[in-house]
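**Q** Give the three-dimensional model of this entry:
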Amino acid sequence: MSNNKDFKVKNSIQPTVYQEGLGTVVSGSVGYSIAGAAYDSVSFSVSAQDGVPYGLAFNNDGTSMYVLGGSNNTVFQYTLSTAYDVSTASYASKSFSLSSQSGSAIGVAFNDTGTKMYTSTTTPIVHQYNLSTAFDVSTSVYNSVSLTVLGNPFDVIFNGDGSKLYVTDTSGSNVYQYSLSTPYDLSAGSYDNVSLNVVGRSNSENYGIAFNGSGTALFISSGTNDTVDKYNLTTAYDLSTASYGNIAFSVVSQDNIPYKAKFSGNGTKMYILGRQNASVFQYSTALNTKTLDLSTGSVFEITPTSDIQVTLTNPASSGTSSGATLLLSAVGTSYTITYPSTLEWPSGTAPTSPAIGDTDVITFNTIDGGTTYKSVLAIDGAK
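**A** Predicted structure coming up:
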């Protein structure tokens, strides 16, 4: 047999014709991916301080955690010796009673520097406190500033710069949006006449809320379904542009009263405050990514061992198509593949469920050159 350099043999795979050389694959990860979330089998009980936990928050670097206890109407502070790892949590012997302002506090949040704390109450009022030492609740003092809000507020959060405030309403199945003319100052707050109704998902049990880092996704913990539901925002932090993203993650195996859902700073971890078990549960929410650089070659080799998102970058100039071949090696694992409309195949139908132990070769073209495609291939690895 002559030496035909157009053929390539790898791992006893049948020879396949390739037109170009091996391209560059860059691995990475993105956070806030609840579609592929997994329980870490890590939890921390707060029952020693309060058996009826209502609110949950973290400081900026994940070394401190705060739980608002409903029985004592008190915010308790915990130290995490490893950032954002609740298995390393311990009570810091620091707390602050909210009884002087309200006996019905149910949500807690901080400003970006930890010098102010906010609690939502069922009265319905959000109260503001000053902290003389950042993120140290034992130094809290009520500064006589508050904001009356709509409905029956259950959780409170801010946007990235403190110019917007969001409050869940368990009486009307809404999330309400407020503007703060002075960032993080409730005395400068006013209702935007903007709300998100979640009656189709959470009914009156829309408990906890959290944004992703860019404000383009909102997550709501639902007591109705025992899930965390994702909503997409076409305009960052604007609830009028929010719609349900058809993505929900069940936490019922850990707790059927998920009062709050919060994330680590980069969104690779999620935390559920479970009222039923008086515990904080930890989940992994990182999605592995592979970026295929079409400027360096057109043949790529990937062995998926978990869910991954594959993205094409640097295709040919606008108006032309760019071909690529992807070798997916399934060694002792199985996976499924979903494709967007921005891909086309030379002939036939692309496979969606390669067999265990197979190596699958997918050849495709990008329809519009000159574009970076997001979520080109979503490959669901074996669980």
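**Q** For G162, give its distance to T115.
**A** 12 Å (CB to CB, to the nearest Å). Where you see a C-beta, it was placed from the backbone N, CA and C, and this is true even at glycine.
**Q** ranges for the strands of the stretch 201-350 of the chain?
**A** Ranges of strands in the stretch 201-350 of the chain, per DSSP state E, counting those that start in this stretch, are 206-211, 217-222, 227-233, 242-250, 258-263, 269-274, 279-284, 287-293, 299-302, 308-313, 322-329, 336-338, 343-344.
**Q** in this structure, which segments are predicted with low confidence?
**A** Along the chain, the parts satisfying pLDDT under 70 run over 1-21, 316-323, 329-335, 340-351, 354-383.
**Q** Kindly report the domain assignment for it.
**A** Domain ranges of the chain: 7-30+287-380, 38-284, per automatic domain parsing.
**Q** Give me whichever of the ones you listed is most buried.
**A** Greatest average neighbour count among the domains of the chain goes to domain 38-284 (a mean of 19), per mean count of other CB atoms under 10 Å.
**Q** Any idea how far that domain is from the middle of the chain?
**A** Between the centre of domain 38-284 and the centre of its chain there are 14 Å (CA atoms, centre = their mean, to the nearest Å).
**Q** gap between the two ends of that domain?
**A** Start and end residues of domain 38-284 are separated by 5 Å (CA to CA, to the nearest Å).
**Q** Okay, angle between the host helix or strand of T168 and strand 206-211 too, please.
**A** T168 belongs to strand 164-169 when assigned by DSSP states H and E. On the basis of axes from the mean of the first three to the mean of the last three CA atoms, to 10 degrees, strand 164-169 is oriented at 160 degrees to strand 206-211.
**Q** which is the next helix or strand following strand 164-169?
**A** strand 174-180.
**Q** Quick one: work out the angle between that following strand and strand 164-169.
**A** Strand 174-180 runs at 150 degrees relative to strand 164-169, counting by the same axes, to 10 degrees.
**Q** Convert strand 174-180 to CSV, retaining C-alpha atoms only.
**A** Taking C-alpha atoms only, strand 174-180 is exported to CSV below (Å, rounded to 0.1, in the frame of the first residue of the first chain):
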residue,chain,number,x,y,z
ASN,A,174,-44.0,38.1,41.3
VAL,A,175,-40.5,39.4,41.4
TYR,A,176,-40.5,43.2,41.7
GLN,A,177,-37.8,45.6,40.4
TYR,A,178,-36.9,48.9,42.1
SER,A,179,-34.4,51.7,41.1
LEU,A,180,-32.0,53.3,43.6
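**Q** strand partners of that strand, parallel vs antiparallel please.
**A** strand 164-169 (antiparallel), strand 189-197 (antiparallel) (DSSP bridges).
**Q** now those as TSV including distance to T24?
**A** Listed next are these as TSV, based on distance: least, CB to CB, whole Å:
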stretch	distance to T24
strand 164-169	40
strand 189-197	41
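**Q** nearest to S144, of the ones you listed?
**A** Of all these, it is strand 189-197 that lies closest to S144, at 14.7 Å by CB to CB.
**Q** any residues touching that closest one, and which ones?
**A** 147, 149-150, 164-165, 172-181, 218, 231, 238-240, 242 (CB atoms under 8 Å, 6 or more residues apart in numbering).
**Q** For the stretch 51-200 of the chain, just list every one of the strands.
**A** Going by DSSP E, counting those that start in this stretch, the stretch 51-200 of the chain shows strands at 53-58, 64-69, 74-80, 89-97, 105-110, 116-121, 125-131, 140-148, 153-158, 164-169, 174-180, 189-197.
**Q** so which of those comes closest to L312?
**A** Nearest of the strands of the stretch 51-200 of the chain (CB to CB): strand 189-197, 33.7 Å.
**Q** Strand 227-233 and that closest one, what's the angle between them?
**A** Using the same axes, to 10 degrees: strand 189-197 against strand 227-233 is 110 degrees.
**Q** what angle sits between strand 189-197 and strand 140-148?
**A** Going by the same axes, to 10 degrees, strand 189-197 makes 70 degrees with strand 140-148.
**Q** Just the CA trace of strand 189-197, in CSV.
**A** Taking Å, rounded to 0.1, in the frame of the first residue of the first chain, the C-alpha atoms of strand 189-197 are listed here in CSV:
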residue,chain,number,x,y,z
GLY,A,189,-35.5,53.7,46.1
SER,A,190,-38.6,53.8,43.9
TYR,A,191,-40.6,51.1,42.2
ASP,A,192,-39.9,50.7,38.4
ASN,A,193,-43.4,49.4,37.6
VAL,A,194,-41.6,46.4,36.3
SER,A,195,-42.2,42.9,37.5
LEU,A,196,-41.8,39.2,36.5
ASN,A,197,-44.8,36.9,37.1
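**Q** I'd like to know how far the nearest residue to Y142 once chain neighbours are set aside sits from S144.
**A** Of all residues not flanking Y142 in the chain, Y129 sits nearest, at 5.4 Å (CB to CB, 6 or more residues apart in numbering). The gap separating Y129 from S144 is 10 Å, by CB to CB.
**Q** Then S187?
**A** 9 Å.
**Q** Any idea what the nearest residue in space to T352 that is not next to it in sequence is bridged to?
**A** For T352, ignoring the flanking residues on the chain, the nearest one in space by CB to CB, 6+ apart is I337 at 5.3 Å. With DSSP bridges applied, I337 shows beta-bridge pairing to I379.
**Q** So I337 versus F281, what's the distance?
**A** I337 is 31 Å from F281, by CB to CB.
**Q** ok, now D169?
**A** 25 Å.
**Q** Tell me which residues touch the closest residue to T235 other than its chain neighbours, please.
**A** Spatial nearest neighbour of T235, chain neighbours left out: T241 (4.4 Å); criterion: CB to CB, 6+ apart. T241 makes contacts with L233, T234, T235, as judged by CB under 8 Å, 6+ apart.
**Q** make it 10 Å
**A** Applying CB atoms under 10 Å, 6 or more residues apart in numbering to T241 gives the contacts V194, L196, T216, Y231, N232, L233, T234, T235.
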